[in-house]
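Enquirer: Show me how the following folds:
(4 chains)
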Protein chains: 2
Amino acid sequence: MIGTREKKKLATRTAILEAAMRLFTEKGYDNTSISDLARTAGIGKGTIYTYFAGKSEILLAFCEQQLAFVSRELRDKSDPDASLLRRLLDLFMGEFRFISKNPEFGRTMLREMVFPKEMTVERSREIDDKYIDLLVPMFRKAQKRGELRTDLELILVTGHFYALYIMTVSGWYMGRLKTEEDVAMGMEFLFQQALSGLAPARGGEMTEP
Amino acid sequence: MIGTREKKKLATRTAILEAAMRLFTEKGYDNTSISDLARTAGIGKGTIYTYFAGKSEILLAFCEQQLAFVSRELRDKSDPDASLLRRLLDLFMGEFRFISKNPEFGRTMLREMVFPKEMTVERSREIDDKYIDLLVPMFRKAQKRGELRTDLELILVTGHFYALYIMTVSGWYMGRLKTEEDVAMGMEFLFQQALSGLAPARGGEMTEP
DNA sequence: GAGAAAAGTCGACCGTGGTCGGTTTTTTTT
DNA sequence: AAAAAAAACCGACCACGGTCGACTTTTCTC
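Expert: The predicted structure follows:
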């Protein structure tokens, strides 16, 4: 029978991810060893490496699920006609809530997403691209409503807000922002700053008069 | 003779850092083991852990030197009366040049600085604070010259630009920005965006009319 | 200066992530 | 259906970061 291999492969892959899902959330990322994963998934340790390039790539598979979840939540629970600021906060605070519930897990995830190793560059970019796909339509809408300049590269705008989100989460990991409210406020401040601009006036050149 | 202990401690600490300096830049961070470090420093492996909480803390000691270097360079080679944009680019591009010369090293450093583990939170914050001390005076000056709004928390402004710097470097690690010029341009774009603002008009409330 | 206390040193030891060559299972070729 | 090729599987093995309790050196106390 043809396709036996494909079926088994998919089954094994799923088994690994299920084991990861369980063990990571049960014991945390760092406290879950590859051997644990293999044992729980009912396969040999070495086999895992035919499915994933390393432990961190298993993490990224999660990251993808996580993003999918957050983006579904955004679709279901956030008013699509709210202001751009509101929409952005809904999205990123959803993301943050997940991270704050799994801090060690989230840290490793973010480290891998923001400063990927060669090994995981590709997957990181895939996830990144999904972010872009999620945000760009929001920006387009905001442009139509006059909330966002129309002369900007939307990829750079995405980067801009994503950067501020990262910085806020960093502030939380550093202990500068302690509660979820702190984070929400910090993020809102930064987003507003970005929207209104840091320079005092608009329109003129940045050079001397 | 009193003080013998103190002297030896300092000597040992220095020996470790010197060994780290040499081996990290010679073989890279990941390829340098704690045993290597110990051997080169002429001490036992376990001893290192009475001086540093872990491998990553040794890295942060470097980070501090690195920041000191960059800030000296900024003082010596960058026109203190240049525009805020120029000054920021001089600072962060100096930082980036170091990273681009030691990518693996820089990655671990950034990971630790932006998403620190409990172990290194404190040291990360110290370094962070030095960044703030470096930037805030620049912002004050810019405010006097009318280049920067005067109604902002300068810590948030620092965070804002630092965030954009991080994002640019991230873009480089992800392979979206390939050359130093790409990075310089990307960073300048983002900084300009931040200064001029993403929203089309200034002054009004962000809410519905 | 002798003895006790404190601080510093050390390398064998632990569990980890990841590798490797040999083995089994599936697919392709004849 | 037999043989050959390819792919998947495995666990012993490696070097690593980090720990630990036994040991040495310095300091304190009398």
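Enquirer: mind listing what the closest residue to chain B within chain A touches?
Expert: Among all residues of chain A, residue A:197 sits closest to chain B, at 2.4 Å; criterion: Cβ to the nearest Cβ. Just so you know, the C-beta spots here come from the backbone N, C-alpha and C atoms, and that holds for glycine as well. Contacts for residue A:197 (Cβ atoms under 8 Å, 6 or more residues apart in numbering or on different chains) come out as B:149, B:194, B:195, B:196, B:197, B:198, B:199, B:202.
Enquirer: Among those, which pair sits farthest apart?
Expert: B:149 and B:198 (14.9 Å; Cβ to Cβ).
Enquirer: Among these two, which residue is more densely surrounded?
Expert: residue B:198 (23 against 18; other Cβ atoms under 10 Å in any protein chain shown).
Enquirer: Let me know the helix or strand that that one is in.
Expert: Secondary structure from DSSP states H and E places residue B:198 outside every helix and strand.
Enquirer: Residue A:59 is in contact with residue A:52, correct?
Expert: No: checked against Cβ atoms under 8 Å, the pair residue A:52 and residue A:59 is beyond contact range at 9.3 Å.
Enquirer: give me the element the residue nearest to the spatial centre of chain A is part of.
Expert: Geometric centre of chain A, nearest residue: residue A:67, 5.8 Å, by Cα atoms, centre = their mean. Using DSSP H and E, residue A:67 maps to helix A:55-77.
Enquirer: That helix - what's its average pLDDT?
Expert: Here helix A:55-77 scores 92 as its mean pLDDT.
Enquirer: Make CSV out of the contacts of residue A:197 and add distance to DNA strand D.
Expert: Shown next, in CSV, are the contacts of residue A:197 (distance: Cβ to the nearest atom of the strand, whole Å):
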residue, distance to DNA strand D
B:149, 43
B:194, 36
B:195, 40
B:196, 44
B:197, 43
B:198, 41
B:199, 45
B:202, 49
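Enquirer: Pick out the lowest-pLDDT one from those residues.
Expert: Lowest pLDDT among the contacts of residue A:197: residue B:202, with 54.
Enquirer: rewinding a little: who touches the helix holding residue A:67?
Expert: For helix A:55-77, the external contacting residues (Cβ under 8 Å, 6+ apart) are A:16-17, A:20-21, A:24, A:29, A:34, A:37, A:48, A:52, A:87, A:90-91, A:94-95, A:98, A:105, A:108-109, A:112-113, A:117, A:119-120, A:123-124, A:126-127, A:130-131, A:134.
Enquirer: Let me know the next secondary structure element after that helix.
Expert: helix A:84-101.
Enquirer: Going by neighbour count, which residues of that following helix are buried?
Expert: A:84-85, A:87-96, A:98-99 (16 or more other Cβ atoms under 10 Å in any protein chain shown).
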